[in-house]
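**Q** Return a 3D structure for these sequence lines:
(one chain, ligands or ions: 1)
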Amino acid sequence: MHKNYIIGIDLGGTNLKVGLLDLKYSIKDKEIISTKSFLEKEELICGIVHSINRVIKYNNLDKTDILGVGLGFPGPVDFKAGLVHFLPNIPGWKEVRLKEVLKNKLSLPVFLDNDAKVMSLAEHRLGAAKGFNNVLCMTLGTGIGGGIIIGGKLYRGFNNAAGEVGHLPINERGLSCNCGSYGCLEAYIGNSRIIKNAHKEFRRDITLEDLSLLASKGNRLAIKLWRNVGKHLGFALAGVVNLLNLDAVVMGGGVSNAGRVLFDSAKETLQEQAMSVQGKHVKILRAKLGSEAGLIGAAIMVKEGQR
Ligand SMILES: [Zn+2]
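**A** Predicted structure coming up:
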């Protein structure tokens, strides 16, 4: 029997996406469920299992056709232990040995990792980071996540917790951060801070989409705000680039939709701030795979993990 399909799962604070992919990572079928419809941890786990079984059945497949299940989670995950430490935006998750639980319920190989690392895998194998050996992939949103590719491989670190670029300290006496520390990059360029700053400037509620639209139409206040975000970002990236001598930085996630004004400003600051050898050639690129990166990366994790 040939195992020609992989199940990819992308769990977010808003949606649970369950996809059926072939071995070339093309998405054959997809189910999207609101994460909020599951109140408890056990319900969510059951929801994941039911959805996987449904997708397999509706496509006239059998479990024997499935190579494995890959999952991306919005929080710290120990890839090797198959352990979800906690999920900041989904209550009730603490030190869950999910790999074991799902393996027992599904009788399929299971792989899980943090969503930013999963996205980094996807962008490196098939997206904007393809062909580069040393890359930082970032997701810019409510949280700032990251994955580091060194020598073409995902770098996981001692506790499989490397890549937390959002918690890179950029200010010794800075703003307090969701992680419990202060002065982190995320405290300056996470969604909620950008929206707060925009509210102050415009004296009204304004969404990130509006802010991007205004900037693209030449609104000076909006441009100033995005340039400021770019400055913080470029400053943090200068440190990363000096340390790791990267070929490229790939940025995805909602905030990256601000486009050129943000990327240009980040690049300017990075080049001013970084050492000349490291700063000169590094490319700053926009992620290519968009919202499908999570499903694709999850499938890559399964296929590469099975080799
Ligand atoms: Zn932090």
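
**Q** Setting aside sequence neighbours, what's the nearest residue to Val261?
**A** Trp226 (4.5 Å; CB to CB, 6 or more residues apart in numbering). (Glycine included, C-beta is placed from N, CA and C.)

**Q** what about whatever helix or strand that neighbour lives in, average pLDDT?
**A** Using DSSP states H and E, Trp226 sits within helix 220-244. Mean pLDDT, computed over helix 220-244, is 97.

**Q** and it, what does it pack onto?
**A** In terms of contacts (3 or more CB pairs under 8 Å, 6 or more residues apart in numbering; DSSP states H and E), helix 220-244 is packed against strand 135-140, helix 185-189, helix 191-202, helix 208-216, strand 248-252, helix 260-273, helix 276-281.

**Q** Now it: buried residues?
**A** 222-223, 225-242, 244 (16 or more other CB atoms under 10 Å).

**Q** quick one: the residue of the stretch 201-307 of the chain found nearest the ion and Val249, what's the gap?
**A** Relative to the ion, the nearest point of the stretch 201-307 of the chain is Ala236 (11.8 Å; CB to the ion). Per CB to CB, to the nearest Å, Ala236 is found 10 Å from Val249.

**Q** With Asn4 instead?
**A** According to CB to CB, Asn4 stands 35 Å off from Val249.

**Q** What of Glu268?
**A** Computed as CB to CB, the Glu268 to Val249 distance reads 14 Å.

**Q** Then Met301?
**A** Distance from Met301 to Val249, counting by CB to CB: 22 Å.

**Q** and if you look at Phe202?
**A** 29 Å.

**Q** of these two, who's got more company?
**A** Comparing Phe202 with Val249 by other CB atoms under 10 Å, the one with more neighbours is Val249, at 27 against 16.

**Q** residue contacts, that one?
**A** 135-138, 237, 240-241, 282-285 (CB atoms under 8 Å, 6 or more residues apart in numbering).

**Q** do the same with Ala162
**A** By CB under 8 Å, 6+ apart, Ala162 lies in contact with 148, 155-156.

**Q** Of those, which one scores lowest on pLDDT?
**A** Arg156 (91).

**Q** That one against Asp78, yeah?
**A** No. Arg156 is beyond contact range of Asp78, at 9.1 Å (criterion: CB atoms under 8 Å).

**Q** on that earlier part again, mean neighbour count, the helices and strands packed on helix 220-244: which tops it?
**A** Mean neighbour count (mean count of other CB atoms under 10 Å) peaks for strand 135-140 among those, with a mean of 28.
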